[in-house]
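Novice: Provided below for reference: sequence and predicted model.
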Amino acid sequence: MISLGLSFTDYDVLNAPVFVGLKNYQQLLGDPKLRLSLINSFYYAALHVPLATIIALALALLLNHVGNRTAGFF
């Protein structure tokens, strides 16, 4: 809750917080890096996580299929 309140202020460690309203959010929406970071987050969530899960499941099924002697090696 404190971080939400501080998001509406101009704050640094040395000075007292100064209320600026939505100015911080306007700066955020105007930042070109925001779009890139959202695209990267979507890419990671939509592609990397499912692919890593599928590969891990496939390896687990392969280990289950090869038998006890070989599975002990892995």
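Specialist: Thanks, I have the structure now. Numbers count the residues shown, from 1 in each chain.
Novice: tell me the mean pLDDT for stretch 38-53?
Specialist: For stretch 38-53, mean pLDDT rounds to 95.
Novice: how about the strands in the chain?
Specialist: Counting by DSSP state E, the chain has strands at residues 9-10, 18-19.
Novice: Against residue 27, how distant is the residue positioned nearest the centre of the chain?
Specialist: When the chain is reduced to its mean C-alpha position, the closest residue under Cα atoms, centre = their mean turns out to be residue 41, at 5.9 Å. In this view, residue 41 and residue 27 are 19 Å apart by Cβ to Cβ, to the nearest Å. The way it works is simple: take the backbone N, C-alpha and C, and place the C-beta from them, glycine included.
Novice: Quick check, residue 17 in contact with residue 9.
Specialist: Yes. The pair residue 17 / residue 9 is scored as a contact, 3.8 Å apart, by Cβ atoms under 8 Å.
Novice: So for those two, which residue has more residues nearby?
Specialist: More neighbours surround residue 9 than the other of residue 17 and residue 9, with 15 against 12 (other Cβ atoms under 10 Å).
Novice: elements contacting the lengthiest helix in the chain?
Specialist: Identified as the longest helix of the chain according to DSSP state H is helix 49-66. Where contact means 3 or more Cβ pairs under 8 Å, 6 or more residues apart in numbering; DSSP states H and E, helix 49-66 is packed against helix 68-73.
Novice: what domains does the record give for this protein?
Specialist: 1-30, 32-74 (automatic domain parsing).
Novice: looking at those, which has the lowest confidence?
Specialist: Lowest mean pLDDT within the domains of the chain: domain 32-74, at a mean of 88.
Novice: that older thread, how far does the longest helix of the chain sit from its chain's centre?
Specialist: How far helix 49-66 lies from its chain's middle: 23 Å, per Cα atoms, centre = their mean, to the nearest Å.
Novice: Against residue 59, how distant is residue 49?
Specialist: 16 Å.
Novice: swap in residue 18?
Specialist: Distance of residue 18 to residue 59, computed by Cβ to Cβ: 54 Å.
Novice: Please apply the same query to residue 28.
Specialist: Counting by Cβ to Cβ, the separation of residue 28 from residue 59 is 41 Å.
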